[in-house]
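> Here is my input, please return the structure:
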Amino acid sequence: MRDNEMLEKEEIFSKVLRAGRRTYFFDVRATKADDYYITITESKKFTEDDGSFHFKKHKIYLYKEDFAAFKEILNEMTDYVLSQKGEEVISERHQKDFKKEFQNEEVEESRNSFTDIDFDDI
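Model (predicted):
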C-alpha cells in the first residue's frame, strides 16, 4: 500500500480551526489495531523579510485512556482563564496588524522624542 493511501485510511474524522496566523487541526486516526486516537496539530505561519514564509508545527497525540482527565483539566483551565480575564483578548500582540502598528508607534515616538529648545536660551 502506498504512503498516501495509508494516510487516507488512517484519518477517520477531521476538523480545522483557523485563528489568525495559527491553524489547529483536530484529527481522529486509527491505530494498527483499528482503535482510535486524536491528534491536535498547531501550525503557525512565519513570514520572512523577503516575503517568503514557512510553517512551524507542533503535534499532540491523545489516546482514549487519557480523554476524561484531559477533558477535565482543559475545561478547568479554560473556565479559570475566562472567569479571571473574560473572553476579550487584551494582548496587543494578538491583533492582526500588531507588528505594523508597533512599528508605526515606534516611528511616532521617535518623532516626538526631541528636546524642546528655545532659541532665546542660546
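> Assumed residue 58 was part of a helix.
No. Checked against DSSP: H, G, I helix; E, B strand; the rest coil, residue 58 lies outside a helix; its state is strand.
> which residues pair with the residue nearest to it when sequence neighbours are not counted across the strands?
Nearest residue to residue 58, sequence neighbours excluded (CB to CB, 6 or more residues apart in numbering): residue 42, at 4.8 Å. Every C-beta, even on glycine, is put in place using the N, C-alpha and C of the backbone. Bridge pairing for residue 42 (DSSP bridges) gives the partners residue 24, residue 58.
> Give me the buried positions along stretch 76-87.
Neighbour counts over stretch 76-87 (16 or more other CB atoms under 10 Å) mark no residue as buried.
> what is the mean pLDDT for it?
When pLDDT is averaged along stretch 76-87, the result is 94.
> Look up phi and psi at residue 83.
phi -70, psi -30 (degrees, to the nearest 10).
> How about residue 90?
Dihedral pair for residue 90: phi -110, psi 0, per degrees, to the nearest 10.
> Could you do residue 76 as well?
Main-chain dihedrals, residue 76, degrees, to the nearest 10: phi -60, psi -40.
> try residue 48
Taking degrees, to the nearest 10, you get phi -80, psi 170 for the backbone angles of residue 48.
> check contacts around it.
Shown in contact with residue 48 (CB atoms under 8 Å, 6 or more residues apart in numbering): residue 54.
> Let me see the confidence value for it.
At residue 48, the model reports a pLDDT of 85.
> again, but for residue 57
Residue 57 carries a pLDDT value of 94.
> And it, how far from residue 40?
Distance, residue 57 to residue 40, using CB to CB, to the nearest Å: 11 Å.
> Which of these two has more residues huddled nearby?
Between residue 57 and residue 40, residue 40 has the larger neighbour count (other CB atoms under 10 Å), namely 14 against 10.
> Can I take it that that one is in a helix?
No. Under three-state DSSP, residue 40 falls outside any helix and is assigned strand.
> Provide a list of residues in contact with it.
Shown in contact with residue 40 (CB under 8 Å, 6+ apart): 24, 25, 26, 59, 60, 62.
> isn't the third one right next to residue 37, touching?
The reference is to residue 26. No. Counting by CB atoms under 8 Å, residue 26 stays clear of residue 37, with 11.8 Å between them.
> All set now, cheers.
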